[in-house]
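In: what follows is a predicted protein model with its sequence.
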Amino acid sequence: MSKAGPKSSADKLQQKSPAEFFAENKNIAGFDNPGKCLYTTIRELVENALDSAESISTLPLVEITIEEISKERLNALRGLTNHQRIDEELYHDFESEEARKKRLAKEAKERERLEKLAAKKGEAVAAASAAEQQRKAADAGKKAPAVRGQFFYKVTVKDNGSGMPHSDIPNMLGRVLSGTKYGVKQTRGKFGLGAKMALIWSKMTTGLPFTISSAQRKQDFRSNYELDIDIIKNAPNVHSCSKLPNPDHWHGAELSVTIEGSWSSYRAKVLKYLRQIAVITPYAQFSFSYIAEDPKNTLKLLFKRRTDVMPPPPKITKHHPSSVDLELVKRLVAETKATNLTAFLTREFDQVNKALAGRLVGELRAGGVTASSSPKDLTTQQIVRLHQLLHEVRFSDPSGSHLSPAGEYNLRLGVMKELHPDLIATYAGDVRVFEGHAFIVEAAVSIGGKELKPGINVYRFANRIPLLFEGGSDVITRTATKRINWNAYKINQATDKVGVFVSIISTKIPFKGAGKEYIGDDIEEMVSAVKQAIQQCGVQLRVKIAKVLAAREQQQRKRNLTKYIPDAARAIFSVLEKMAESEPRGPKRRRLQQQTDILQQVSRKEVSEGTLERKLAEYVERIDTDMALEYQVSQGLAAGAAKNAVWLAPATARHLYSQEMHSNACILQLIQSYG
């Protein structure tokens, strides 16, 4: 019987650091391809900047710069010299003589076709020129295929936030799964990845380090670092570190990273993200610069601040008993500073007071647990029983006071600032709960405005950040497009330009997938809250749309009447002229002449066709005003508007009022006489 040989190297047990794992599975953090990597890098740095400013209640001022880096310049930054090619056929952009002849023949044929088209139809040369430019652009794309590593960008984001402590900067930016956003709190980020993933991507594609400049409030120096990350060890690798004077007492952070990317393929996404982040944070100002190698392609945008009203910062809260799992209970038991079980329950869990804690301990007595038992002395079986009890007992729902919604005011201002809609309605829902986590849904629905296509245009936000990918399966998209009867709110789902903005905030957003790009449609509480928020906006819009339609009909009626005033005046004046020239016959005619002298005025040329036309126009205007006033009053009464008593003070205190005179618009009482 032969002995088993030594284990091969393939069977050797190996371990990976968190940084190494995410470097190999970067799609988890949204780093799928060069274009998406550029977008995600910008997004993570911008959201970190917003968090930093909001943490010290400072109105955010964020500057974003993307600078094109040519391959020659990148090589210079990396200390490489540009080499001459020896074997051209090795390279992607090599074009054989046969391929070149085919391309030139195709170009000649296309030019001939365009010339014939211009000569035949006699159209402007501009049309042919535009087609020629399109052909050149398409041909250029074929002639120079995209090669991995061909496009590089330096991304810089500067903010006016809290800054970072000098000694903490290496670990905050150079160690994966380390950060300040852990705990039960509403945050834009959760994994501690963000900027670290940008640094990992930079190391994988350019090898250039992160450049950081940071200063805290009232700090007389700036911290300057150049660092990257040791992916194998998951540890920061500091290239340089220094403290520079800070005479103007600037505070905040400025981070620069050079990465591979694709601006052309994700330009629209980046700009859409910036516009949407400006909608949900109208109290922030964003300046964006894209600096291209060719100055013609340089782009600068400014998203101005619209309001100084900031939502209150979110607060850290305790775990709700019904939301904890067994492992979390074990961790809380191990880390608590409470000396007895009653204190442990009240200190570590939300909605548990001393009386309720005593009742919970009473349920555990059968397992040998008392109120004075130390949590650290609990056995594994006792902890399991405690976990079961926490999920069996009915607790009060969390209050939601720890959440920080954008607010109806800010949401309305943001939509108006960026889209300029014709009509808008907003709604903020009450605090709701799923699996022990509080959440709030806010919504805005707009009609008309710029950059909206006909139909339902959905804008999704989670914890005040835009969600741009995988929207088809999102609870907001599915609710807005499939669960709302828009016709009930006088909105045409196919032709009207409808913007649906829904923001969900919570300590736990039920994302599907690690990329955090869409919210699951399988949570009943979330579906109900989103649907109610959109419906409430629809109810508000229905009233506004009804008023707009009524005003439009009224204007159309007025235009129709005004259109026929000249013809009516001409016909009436013709009849009056004939009547004035003839003798009165019959009692009806004589009675008319006794009651009015209109015929005599016509005879004396005091009334002309122009006079009638003017009087009819005045009458139509007065009737139009009266009808508008009557409509507005009826709408106000229908909406429950209270009547207000208004008086004009008499000259003396001694006076008598006449009887009340009622109309659709008001009730009048005139002063009849003085006593």
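Out: Sure, I can see it. Numbers count the residues shown, from 1 in each chain.
In: and the longest helix for this protein?
Out: The longest helix of the chain (DSSP state H) is helix 524-581.
In: next one: that helix to chain centre, how far?
Out: 35 Å (CA atoms, centre = their mean, to the nearest Å).
In: dump the residue contacts of the residue nearest the centre of the chain.
Out: Centroid-nearest residue in the chain, with CA atoms, centre = their mean: Q276, separated by 4.0 Å. Residues near Q276 by CB atoms under 8 Å, 6 or more residues apart in numbering: Y459, F461, P466, L468. Backbone N, C-alpha and C define where each C-beta goes, glycine included.
In: over to T156?
Out: T156 touches E63, I64, T65, I66, E67, E254, L255, S256, counting by CB under 8 Å, 6+ apart.
In: dump those into JSON lines; add secondary structure, distance to L326 and neighbour count as well.
Out: What follows is those, written out as JSON lines (DSSP: H, G, I helix; E, B strand; the rest coil; distance: CB to CB, whole Å; neighbours: other CB atoms under 10 Å):
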{"residue": "E63", "secondary structure": "strand", "distance to L326": "46", "neighbour count": "17"}
{"residue": "I64", "secondary structure": "strand", "distance to L326": "44", "neighbour count": "21"}
{"residue": "T65", "secondary structure": "strand", "distance to L326": "48", "neighbour count": "18"}
{"residue": "I66", "secondary structure": "strand", "distance to L326": "46", "neighbour count": "22"}
{"residue": "E67", "secondary structure": "strand", "distance to L326": "50", "neighbour count": "18"}
{"residue": "E254", "secondary structure": "strand", "distance to L326": "44", "neighbour count": "20"}
{"residue": "L255", "secondary structure": "strand", "distance to L326": "39", "neighbour count": "23"}
{"residue": "S256", "secondary structure": "strand", "distance to L326": "44", "neighbour count": "20"}
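In: where does pLDDT dip in the stretch 1-150 of the chain?
Out: 1-11, 118-149 (pLDDT under 70).
In: L61 is in contact with A53, isn't it?
Out: Yes - if you go by CB atoms under 8 Å, L61 and A53 touch, sitting 7.4 Å apart.
In: identify the contacts common to those two.
Out: In contact with both L61 and A53: D159, N160, A284, using CB under 8 Å, 6+ apart.
In: dihedrals phi and psi, the closest residue to M164 other than its chain neighbours?
Out: Distances taken as CB to CB, 6 or more residues apart in numbering put S214 closest to M164, at 4.7 Å, once the chain neighbours are dropped. The phi/psi pair for S214 (degrees, to the nearest 10) reads phi -150, psi 150.
In: who are the contact partners of S214?
Out: Applying CB under 8 Å, 6+ apart, the residues near S214 are G163, M164, H166, I169, R222, S223, G252, A253, E254.
In: between those residues, which sits nearest F152?
Out: E254 (19.8 Å; CB to CB).
In: and the closest one, what is it in contact with?
Out: Per CB under 8 Å, 6+ apart, neighbours of E254: T156, V157, K158, D159, I212, S213, S214.
In: out of those, which is nearest to Q351?
Out: D159 (36.3 Å).
In: who touches the closest one in this structure?
Out: Counting by CB under 8 Å, 6+ apart, D159 has contacts N48, A49, L50, S52, A53, P60, L61, V62, E63, G252, A253, E254.
In: which ones among those residues map onto helices?
Out: Those of those lying in helices (DSSP H): N48, A49, L50, S52, A53.
In: can I get those residues in CSV with distance to R622?
Out: Converted to CSV, the ones in helices among the contacts of D159 look like this (distance: CB to CB, whole Å):
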residue, distance to R622
N48, 63
A49, 59
L50, 56
S52, 62
A53, 57
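In: one step back: closest one of the contacts of Q276 to W486?
Out: Once CB to CB is applied, the member of these that ends up nearest W486 is Y459, at 16.4 Å.
In: not counting its neighbours along the chain, what's nearest the closest one?
Out: F501 (4.5 Å).
In: quick one: distance of the helix or strand containing that neighbour to the chain centre.
Out: According to DSSP states H and E, F501 maps onto strand 497-506. Distance of strand 497-506 from its chain centroid, counting by CA atoms, centre = their mean, is 7 Å.
In: for stretch 386-406, same thing?
Out: Relative to where its chain is centred, stretch 386-406 has its mean C-alpha point 28 Å off (CA atoms, centre = their mean).
In: what's the answer for stretch 222-233, then?
Out: The answer for stretch 222-233 is 33 Å, by CA atoms, centre = their mean.
In: stretch 469-485 now?
Out: Counting by CA atoms, centre = their mean, stretch 469-485 comes out at 16 Å from the chain centroid.
In: 7 is where my numbering starts, stick with that
Out: Yep, numbering from 7; the last one is stretch 475-491 now.
In: residues contacting it, please?
Out: 462, 464, 466, 473, 506, 508, 510, 518-519, 521, 523-527, 529, 532-533, 536-537, 540-541, 544.
In: tell me the helix or strand right after the strand holding F507.
Out: strand 517-518.
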